[in-house]
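K.L.:
Please find the sequence and the predicted model below.
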Amino acid sequence: MKPGLREGNVIADPDGQLRDVLSFEVGPLEAEKAARIRIDDDGRKISFDPETGFFDLPGAKAKLTIRRDPVTGTYITIGNALDDMEILRKWANETGTAADPFRRDHPMRQRNKCFVLASDDLWSWRRVKLLIEDETGLNPEDSIRLTGFEYTDWQFDGKDIIFAVRTAYRGAVTFHDSNRILFGKLKRFRALL
């Protein structure tokens, strides 16, 4: 698979510089990398330095919504950080023979767990809470193959975060084929930061 940048999120960095943070994916690459694109001249000019433009961002293999908490200044996102690396590595080595077409093109994807992530500077991220996980009782391989909590969008709601999640669960054909939408509330999220 060719490397690709996609699904951006425009946000100001701590210095007020407007950035587009894009997910980055290339076939069996294990690293969860994102790219930071600088936006200048009222949006008429963008620049990217490949030497310094990539950074580690758990969950960056899927669309992320990044927002900055107006109270603490902490950046927050909700995403699918890779967790079961042994299974994913095995699948990456079987790329040419994988039965699932999604696995052939994207072996390093896992969306059966959804995490709240935080950063003080927009570039160094940490997991702060496992928010949603598969509770169907499927074995780990089938859970990764069939369950997805993905493309979470969310908003601050006072002391809480409210969120909606496109979901493939209990009967979806693959982890990517949504058959539900979940709505939830993370109460008193600042206690996690």
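P.N.:
Nice, thanks for sending it over.
K.L.:
can we go C-alpha only for contacts and neighbour counts from here?
P.N.:
Fine.
K.L.:
For His176, grab the count of nearby residues.
P.N.:
19 (other CA atoms under 10 Å).
K.L.:
Next one: it from Arg111, what distance?
P.N.:
For His176, the distance to Arg111 (CA to CA, to the nearest Å) stands at 8 Å.
K.L.:
got the buried residues for the lengthiest helix in the chain?
P.N.:
For the chain, the helix that runs over the most residues, judged by DSSP state H, is helix 85-93. The neighbour-count check on helix 85-93 (16 or more other CA atoms under 10 Å) flags Leu88, Arg89, Trp91, Ala92 as buried.
K.L.:
repeat for stretch 18-36
P.N.:
Buried-residue list, stretch 18-36, by 16+ other CA under 10 Å: 18-28, 30-36.
K.L.:
how about the helices of the chain, start to end?
P.N.:
Under DSSP H, the chain gives helices at 85-93, 101-105, 140-146.
K.L.:
want to throw the ones you listed into a markdown table with mean pLDDT?
P.N.:
Formatted as a markdown table, the helices of the chain follow (pLDDT from 0 to 100):
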| stretch | mean pLDDT |
| --- | --- |
| helix 85-93 | 88 |
| helix 101-105 | 66 |
| helix 140-146 | 94 |
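K.L.:
Next, format these as a markdown table and append distance to Asp56.
P.N.:
Formatted as a markdown table, the helices of the chain follow (distance: least, CA to CA, whole Å):
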| stretch | distance to Asp56 |
| --- | --- |
| helix 85-93 | 16 |
| helix 101-105 | 21 |
| helix 140-146 | 22 |
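K.L.:
Out of those, which is closest to Ile78?
P.N.:
Closest to Ile78 of the helices of the chain is helix 140-146 (CA to CA; 17.8 Å).
K.L.:
Now do that closest one: everything it contacts.
P.N.:
87, 110-112, 134, 168-169, 171-176 (CA atoms under 8 Å, 6 or more residues apart in numbering).
K.L.:
Of those residues, which is the most crowded?
P.N.:
Neighbour max across the contacts of helix 140-146 (other CA under 10 Å) = Arg111, 30 neighbours.
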